[in-house]
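# coordinates for the following, if possible.
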Amino acid sequence: MTTPRYTLRGPRGNVFTLAFSASNRYMYSSDGKILLHDGRADGLTRAQSTLQLSTEATGVQYHPHMEHIFATSDSNGDVCLRDNRMAFGPLATRARNGVVQRYLTKLTRKTCATLSRAEASSITFNPDGT
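Here you go, the predicted model:
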């Protein structure tokens, strides 16, 4: 193969993450916001939808077995499990930015009364989906 099958056009800056769904039907890219690319439409060359968070997205990862589930991390330390049917598509079907579960990511020590909110720079699933 001498020429690429598809060319991803879009972000002109840094792309932090590329993630493919279990069936390779969807692809997410993250350049601070989360872009959904649908392999059935225009061959993954353009984003079909955008999920703009209140802070910069630092990671996105598809669930290895559940087609519509993905996880995100952001620069505020938030880690969320999301459903792309709630996060993307017509405005009438969008709900809570697709968040199904939000995870606590604050750090603490017994000797310190305050909590630290560390930035989450990436996220991943185990091969079995846990």
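# those helices in the protein, which residues are they?
Here the chain has its helices, by DSSP state H, at 84-87.
# remind me which residues of it are low pLDDT?
Low-confidence segments of the chain (pLDDT under 70): 1, 4-13, 41-46, 115.
# where along the protein do the strands fall?
Applying DSSP state E to the chain gives strands spanning 17-20, 26-30, 34-38, 49-51, 57-62, 69-74, 79-83, 99-103, 106-109, 112-117.
# give me the sheet partners of the fourth one and which way each runs.
Paired with strand 49-51 in the same sheet, following DSSP bridges, are strand 34-38 (antiparallel).
# what angle separates the partner strand from strand 69-74?
Taking axes from the mean of the first three to the mean of the last three Cα atoms, to 10 degrees, one finds strand 34-38 and strand 69-74 inclined to each other by 150 degrees.
# at the geometric centre of the chain, which residue do we find?
What sits nearest the mean C-alpha location of the chain, by Cα atoms, centre = their mean, is residue 60, with 2.9 Å.
# how near is it to residue 34?
6 Å (Cβ to Cβ, to the nearest Å). Bear in mind the C-beta positions are built from the backbone N, C-alpha and C, glycine included.
# that older thread, dump the strands of the chain to TSV, plus distance to residue 125.
Shown next, in TSV, are these (distance: least, Cβ to Cβ, whole Å):
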stretch	distance to residue 125
strand 17-20	10
strand 26-30	13
strand 34-38	16
strand 49-51	19
strand 57-62	6
strand 69-74	7
strand 79-83	10
strand 99-103	13
strand 106-109	22
strand 112-117	23
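# deepest-packed of the ones you listed, please.
strand 69-74 (a mean of 24; mean count of other Cβ atoms under 10 Å).
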